[in-house]
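> need the 3D shape of this:
(one chain, ligands or ions: 1)
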Amino acid sequence: MTTDKTSKLVEIKNLDLTFNQGRSNAVHALENISFDIYEGEVFGLVGESGSGKTTLGRTILKLYQASGGQILFDGQDVTKLKGRALSDFRKDSQMIFQDPHASLNSRMKVEDIIAEGIDIHHLAKSKADRDAQVLHLLDLVGLNKDHASRYPHEFSGGQRQRIGIARALAVDPKFIIADEPISALDVSVQAQVVNLMKDLQKKHSLTYLFIAHDLSMVKYISDRIGVMHWGKLLEIGPADAVYNHPLHPYTKSLLSAIPVPDPEAERQRQAITYNPSRESDGQERSMVEVGDGHFVLATPVEAEEYRKDQK
Ligand SMILES: Nc1ncnc2c1ncn2[C@@H]1O[C@H](COP(=O)(O)OP(=O)(O)OP(=O)(O)O)[C@@H](O)[C@H]1O
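Numbering: from 1, shown residues only. Alright, predicted model coming up:
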């Protein structure tokens, strides 16, 4: 995978979001999140359920309003987009959802689901052009023309996710947020869908934010990985570094939960329990670069410990 480290497609600066602000049920879902996603990069975002991954994705796409901070897309402040610029942003950034069953309108034919964005953004010159685009998209995702006139319930989970991918690709986007795109699929088809997404990313020079809780699959598709917990980014680094030399105890704990295929290694695998007390001790922490491009949320003292740990 080639990553152009000079060109930032998405810049997230000190992003904050509190749901139900000022009420007793307030949730601080995003806390001072800063990171960039480079053009052509796959950025994997991992963390357990409730850590804020979906909220972060939806906030980047302007589906939720941030309480503070800034999001730049192609250098433009997302919160300030209006009119034509907003419409372009809506076309350039697409989402693939976790549950392909719930996210596809069951009363629409596949061709109309796939062509939704083409219609909204007036990207077809004629009905024949629209049909041709749909056929091309079906082919791209490994489906065929006979599938165009069918309904979502006639497909398997993996095929439905392929329809969701074709729908996202239909408008020729730059950026795709895939929110746990394989979590709802049978293990046997998960790798096929990830491989397809990887191929398409290369072919179409796409940039992905790939959200998942399973680090093993994320490692396979991502250039860099960010680890989230309780609304905070705890660690960011090259995929290999985060996977092979995790720094933050939370990342270590996440990794230790992954089963290993080798039975002997699996027998010896010890799950590490994470003690989150350091996250609520009131100490000020910032992202510190401990290794090459490998950052961890730490106090100066902890940063030293992480540096030693790395050696
Ligand atoms: N619309 C909302 N209103 C209020 N609270 C919300 C809303 N959406 C999410 N939350 C809360 O924000 C926190 C982060 O949720 P989020 O769905 O972003 O986590 P997640 O990491 O994507 O989890 P999952 O893997 O289960 O989707 C949770 O505590 C959740 O209950």
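> could you list the buried residues of stretch 74-82?
74, 78, 81 (16 or more other CB atoms under 10 Å). In this view, the C-beta of every residue, glycine as well, is placed from N, C-alpha and C.
> hmm, which helix or strand of this protein has the shakiest average pLDDT?
The weakest-scoring helix or strand in the chain, judged by mean pLDDT, DSSP states H and E, is helix 263-268 (a mean of 81).
> how distant is it from the center of its chain?
31 Å (CA atoms, centre = their mean, to the nearest Å).
> now it - C-alpha only, PDB.
What follows is helix 263-268 as a C-alpha-only set of coordinates in PDB (Å, rounded to 0.1, in the frame of the first residue of the first chain):
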ATOM      1  CA  PRO A 263      -3.300 -24.800  19.500                       C
ATOM      2  CA  GLU A 264      -0.100 -24.900  21.600                       C
ATOM      3  CA  ALA A 265       0.200 -21.100  21.500                       C
ATOM      4  CA  GLU A 266      -3.500 -20.700  22.200                       C
ATOM      5  CA  ARG A 267      -3.200 -22.900  25.300                       C
ATOM      6  CA  GLN A 268      -0.400 -20.600  26.600                       C
END
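> pick the one among the buried residues of stretch 74-82 closest to the ligand.
residue 78 (17.8 Å; CB to the nearest ligand atom).
> what helix or strand does the closest residue to that closest one other than its chain neighbours sit in?
Distances taken as CB to CB, 6 or more residues apart in numbering place residue 71 nearest to residue 78, at 4.3 Å, with adjacent residues excluded. For residue 71, the element it lies in under DSSP states H and E is strand 68-73.
> strand partners (parallel or antiparallel) of that strand?
As defined by DSSP bridges, the strand partners of strand 68-73 come to strand 8-19 (antiparallel), strand 76-77 (antiparallel).
> the lengthiest helix in the chain: what's the following helix or strand?
Counting residues, the longest helix found in the chain (DSSP state H) is helix 187-203. Later in the chain than helix 187-203, the nearest helix or strand by DSSP H and E is strand 207-212.
> now the helix or strand following that next one: buried residues?
Later in the chain than strand 207-212, the nearest helix or strand by DSSP H and E is helix 215-221. If you call a residue buried by 16+ other CB under 10 Å, then helix 215-221 has these buried ones: 215, 217-219, 221.
> where do the strands sit along the chain?
8-19, 27-38, 42-46, 68-73, 76-77, 93-96, 175-179, 207-212, 224-229, 232-238, 286-291, 294-298 (DSSP state E).
> so for residue 133, which of those strands sits nearest?
Distance to residue 133, taken as CB to CB, is lowest for strand 93-96 among the strands of the chain, at 15.2 Å.
> who does the closest one pair up with?
Partners of strand 93-96 in its sheet, by DSSP bridges: strand 175-179 (parallel).
> quick one, the strand it pairs with and strand 207-212 angle?
10 degrees (axes from the mean of the first three to the mean of the last three CA atoms, to 10 degrees).
> ok, residues contacting strand 175-179?
Defining contact as CB atoms under 8 Å, 6 or more residues apart in numbering, one finds that strand 175-179 is touched by 9-10, 37, 53-54, 57, 60-61, 73, 92-98, 168, 197, 206-211.
> so which of those also contact the ligand?
For the ligand, the contacts drawn from those by CB under 6 Å from any ligand atom are 53-54.
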